[in-house]
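*Asks:* Fold the following.
(2 chains)
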Amino acid sequence: MTIVNYVAYAAYLSFVFCVVITILKVSKYARAPMHLRWELYPVPSEEEHEHGGSYLERPEWWKTDIKEEKGSELIDMFKEMIFIKRLYNSKRTQWYFSFLFHGGIYLLLIWFVAIFIGSLFELLKITSGILFTAFFYASLVLGYIGISITFIGAVGLIALRATDKKINYLSAPVDYFNLSFISLIMLSMISSLFYDPYFNYARSFLAYLISGNGLLIGFKQPALPVASSITVLLVCLFLLYLPFTKMTHFLGKYFTYHKVQWDSRPNMVAERFDEKKLELVKKNLDLTVPWDAPHAPKGKRWDEV
Amino acid sequence: MSKTVDPKEFSRENREPLIKIKLEDLLKLEGLKEEPPIKDPPALWTQRYDFTLDGHAAVGIPIPKNEEEKRALVEKFLNGLEKDLSYEGNWTFAQQFKLSLDYCAKCGACEDACPIYTASGKQNIYSPLYRSEILRRIYRKHFTAAGKLFGTLVTGDMDETWQLITRLIELSYRCNICRRCAQVCPIGIDNGLIAREIRKIASQELGIAAKELHENGTVLQLKVGSSTGMNPEGFKKIVKMMEEDIESKTGLRIKIPVDEKGADILLIHNAGEFLSWPENPEAYAIIFEKAGLSWTLSSEPVGYDSVNYGVWYDDIQLARIAKKHVEIAHKLGVKRIVVGECGHATKALVVTAERLLTRENYIPRESVLPILAEIVDKGKLDLDPLKNDFPVTLHDPCNIVRLSGIVEPQRKVLKKIAPRFREMEPHGVCNYCCGGGSGFAIMHSYNFDQWKNKVASRMKVKQILDAFRQELNDGGFKYVCAPCSNCKGEIRDFISHYKLWDKFRINYGGLAELVVNAMNEVKNPYIANNEFH
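*Replies:* Residues are numbered from 1 along each chain as shown, chains lettered A, B, ... in the order given. Now for the predicted structure:
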């Protein structure tokens, strides 16, 4: 067993762990009972969304056909995901660093895809051609910019947190730790660049991982500079830590937007019932009230309150 | 200077208020040269109840008599929080509650969106983030693996005292649940909901709630028929008086239908209208009759009062009242329920109750505003907008606009009947609460009125003064149109407090009154421009 073997095992383990725990966490939210409606306007899928309106503006709305404008929902979703529009409008100082930080992470995710494709080329022994060249240079541009702006964004956010009197006294050590952890990974990536400026080792290592430690597909174990090994191990630790933190808010955001704030669909549209929803209502009303206050009918079903 | 209170200090046991509200810290109100001073609470109250949040009390939680009572307060709250986090115990809101506890990045984007925080001179304890962070620390300590393993590294430092709980419950009544904070949050965290869930834990587990919401609110409504205390007999008498009133004011003889079986519409008003602003239900009686609608009021207990205070603090009471409204409609055999000009009642019955109704008891429900807009738009009434030739601005009730998406109908009406209509800024779904939201409009215990007028309503006072800036001192009549009973209650209170009628002739009222005032058939002015009530 070489160090590269250990690093490879750590990578497999942490990746699988992160995926499994994240799926469990998401499924816990996804399995939640249908809650009472709690939407917040504007809801972009509503036909009246341009002025923040809803189908409730129509007399006898239940007789009308309530269309869902998925296109406009997607546009709003992307504006929020890519540009963090709400933060831009409500807290500009925070937005500058937050945008760099999140933008950097997005670029690093695309960089990873470019490296992944590069590693496939390596496995297929393709060493030239337009696509090979394109992904090679794309990975350079994405990697260098991604690492830099993620680092600047993370350090900026730490500095803001430490100096903004409105939020620093509410920050627990873990709030600084999360950003510091990512900054440390970025620093480690920067140090790896001195030994692996073209991400060649990174591509070979990923190809080695894809090859199943060289067992599934014959692939020679690559060398990995110490700095790169440290970077991979730090990323592994991060993957083990990530699912337990609020940094998975990219997943939470799906639910807060789509399943709460934008969930305004009624149970009756064009005078037809949504049978599935009515089933869920019935299921909820069958649950038992556990509350203890004098007025709470403890032990009774919600249907009987 | 506003003071920064850290969570450790928030939880510390002592008898001094964490902050003191001072006039010089509050948001400046341009155009208003003087306002009543702020008074300290009498010792009689502070010795018996916990006033240590900000020297004010909305709930007035009694100070525990011994260590056992102190411990019980903390333990019961933790029990309640556990139930509130479970899908079984809190299917109604657990998903959005847990999301809001788990994912806040503490960026502070929500703070400046909050009118209470801003109007208070940015007192940190009123920030939406602060209140939620206090609860999150309790949550993380007791209900997350990370909190149990790593303690204060994850939770932050805070003691677990009885005053942590009493202050937190009081603090949940320093939020209008207008949800402006949730609207600007990039992650979609809902700090308004967290305030509501704190109230709910207090109510459903500890039996602690604002008296006006629970004992004199939902409990009274379910017992006698209305949170105003009005019983069916009293209601019927008022209806008779309203018919006489309509005739004497307008010369029109209108028979107000009550308990008409098989009518198309069951119209339910906030019962506060009958007592404080009968001109509003009278206006609807005139408009519906003239438009030829088939409608009725109900004299069944709860059927003549649309309020559902449960929406602000208690899911059990929310469900009970919504169910009752629906039952009454079925009994009358109407085709739909129409909720009058009342924001929270619209939200509760039209929106929130949707997922409490099964196929068997489902009945369509809607706000009265789109119906009014359609009547005006289709020319079913003979209207002369010049009869409303005075400055009019529109207050957007949060529950109607931001929380139900009913934005344009009221504007359509105003554009047709009020030639001097102007918007407040900001308006529509970005509006500010009147300060009476989440029950504040009806809460008058202890010195809470002082806090409401000085802090909660301050942003709305500023908006109104700004909207009328051009004519502020011209001595002419001005009208704040507020199509919501609770908002009207709050606006009435702060107009009196700041003497806006005496100084600037700023009055207020609903939307339907303006419509009737514009009717050619009504000869005398329906809106009196020389009296404030």
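*Asks:* For the rest of this, base every contact and every neighbour count on C-alpha atoms.
*Replies:* Fine.
*Asks:* Next up, the contacts around A:Val20.
*Replies:* Going by Cα atoms under 8 Å, 6 or more residues apart in numbering or on different chains, A:Val20 touches no other residue.
*Asks:* Name the residues of the helix or strand encompassing it that come out as buried.
*Replies:* Element membership for A:Val20 (DSSP states H and E) is helix A:3-30. Neighbour-count burial for helix A:3-30, counted by 16 or more other Cα atoms under 10 Å in any protein chain shown, picks out A:4, A:7-11, A:14-15, A:17-18, A:22, A:25-26, A:29.
*Asks:* ditto for stretch B:462-475
*Replies:* Of the residues in stretch B:462-475, those buried by neighbour count under the rule 16+ other Cα under 10 Å are B:Lys462, B:Gln463, B:Ile464, B:Leu465, B:Asp466, B:Ala467, B:Phe468, B:Leu472.
*Asks:* Show me where the stretch 401-533 of chain B has its helices.
*Replies:* Secondary structure of the stretch 401-533 of chain B, counting by DSSP state H, counting those that start in this stretch: helices at B:408-417, B:448-451, B:458-467, B:485-497, B:500-504, B:512-517.
*Asks:* For B:Gly476, find the nearest of the ones you listed.
*Replies:* Smallest distance to B:Gly476 across the helices of the stretch 401-533 of chain B (Cα to Cα): 7.5 Å, for helix B:500-504.
*Asks:* Check the offset of the helix holding A:Val20 from the chain's centre.
*Replies:* Helix A:3-30 has its C-alpha centroid displaced from the chain centroid by 15 Å (Cα atoms, centre = their mean, to the nearest Å).
*Asks:* What's the first helix or strand after that helix?
*Replies:* helix A:70-83.
*Asks:* And the buried residues of helix A:3-30, which is closest to chain B?
*Replies:* When these are compared for distance to chain B (Cα to the nearest Cα), A:Tyr29 comes out closest, at 6.7 Å.
*Asks:* so who does the closest one touch?
*Replies:* So A:Tyr29 contacts A:Phe255, B:Gln95 (Cα under 8 Å, 6+ apart).
*Asks:* do the one 10 residues further on as well
*Replies:* When the contact criterion is Cα under 8 Å, 6+ apart, the partners of A:Glu39 are A:Val260, A:Gln261, A:Trp262, A:Asp263, A:Ser264, B:Leu403, B:Ser404.
*Asks:* Neighbour-wise, which one of the residues you listed leads?
*Replies:* Across these, neighbour numbers were computed from other Cα atoms under 10 Å in any protein chain shown; B:Ser404 holds the maximum, 32 neighbours.
*Asks:* number of nearby residues for the spatially closest residue to it that is not a sequence neighbour?
*Replies:* Leaving aside its sequence neighbours, B:Ser404 sits nearest to B:Lys347 (Cα to Cα, 6 or more residues apart in numbering or on different chains; 6.3 Å). For B:Lys347, the count of nearby residues is 25 (other Cα under 10 Å).
*Asks:* pretty sure B:Lys347 contacts B:Ile406?
*Replies:* No: contact between B:Lys347 and B:Ile406 fails when scored by Cα atoms under 8 Å: they sit 10.4 Å apart.
*Asks:* tell me, what's touching these two both at once?
*Replies:* B:Ile400.
*Asks:* ok, A:Phe177 to B:Thr218 distance?
*Replies:* Per Cα to Cα, to the nearest Å, A:Phe177 is found 47 Å from B:Thr218.
*Asks:* Same list (the buried residues of stretch B:462-475) but as CSV, adding distance to A:Ile149 and pLDDT.
*Replies:* Listed next are those as CSV, based on distance: Cα to Cα, whole Å; pLDDT from 0 to 100:
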residue, distance to A:Ile149, pLDDT
B:Lys462, 42, 98
B:Gln463, 41, 98
B:Ile464, 45, 98
B:Leu465, 46, 98
B:Asp466, 43, 97
B:Ala467, 45, 98
B:Phe468, 48, 98
B:Leu472, 52, 96
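*Asks:* out of those, which one sits closest to chain A?
*Replies:* B:Gln463 (19.6 Å).
*Asks:* for chain B, what are the nearby residues on the stretch 51-200 of chain A?
*Replies:* Within the stretch 51-200 of chain A, the positions adjacent to chain B are A:51-62, A:80, A:84-87, A:89-91, A:94, A:166-167, A:169-174 by Cα under 8 Å from any Cα of the partner chain.
*Asks:* Drop anything exposed from the residues you listed.
*Replies:* Buried, going by 16+ other Cα under 10 Å: A:51-62, A:80, A:84-87, A:90-91, A:94, A:166-167, A:169-172, A:174, out of those.
*Asks:* separation between the residue nearest to B:Ser404 and B:Ser367?
*Replies:* For B:Lys347, the distance to B:Ser367 - Cα to Cα - is 9 Å.
*Asks:* try A:Lys125
*Replies:* 68 Å.
*Asks:* which of the two has more neighbours?
*Replies:* When A:Lys125 and B:Ser367 are compared for neighbours, B:Ser367 comes out ahead with 29 against 9, by other Cα under 10 Å.
*Asks:* That one bridge partners, please.
*Replies:* B:Val339 (DSSP bridges).
*Asks:* Would you tell me which residues of the stretch 201-305 of chain A are close to chain B?
*Replies:* Near chain B, when you scan the stretch 201-305 of chain A using Cα under 8 Å from any Cα, you find A:244, A:246-250, A:252-253, A:255-257, A:260-261, A:266-267, A:273, A:278, A:281-282, A:284-285, A:287-296, A:305.
*Asks:* Which parts of stretch A:146-165 count as buried, going by neighbours?
*Replies:* Under 16+ other Cα under 10 Å, the buried positions of stretch A:146-165 are A:146-158, A:160-161.
*Asks:* In helices, which of these appear?
*Replies:* A:146-158, A:160-161 (DSSP state H).
*Asks:* Give me the next element, helix or strand, following the host helix or strand of B:Ile337.
*Replies:* B:Ile337 belongs to strand B:336-339 when assigned by DSSP H and E. Going down the chain from strand B:336-339, the next helix or strand is helix B:343-346, by DSSP H and E.
*Asks:* how about the helix or strand hosting B:Ala322 against chain A, any contact?
*Replies:* Taking DSSP H and E as the definition, one finds B:Ala322 inside helix B:315-332. Yes: counting by Cα under 8 Å from any Cα, contacts between helix B:315-332 and chain A involve B:Ile316, B:Ala319, B:Arg320.
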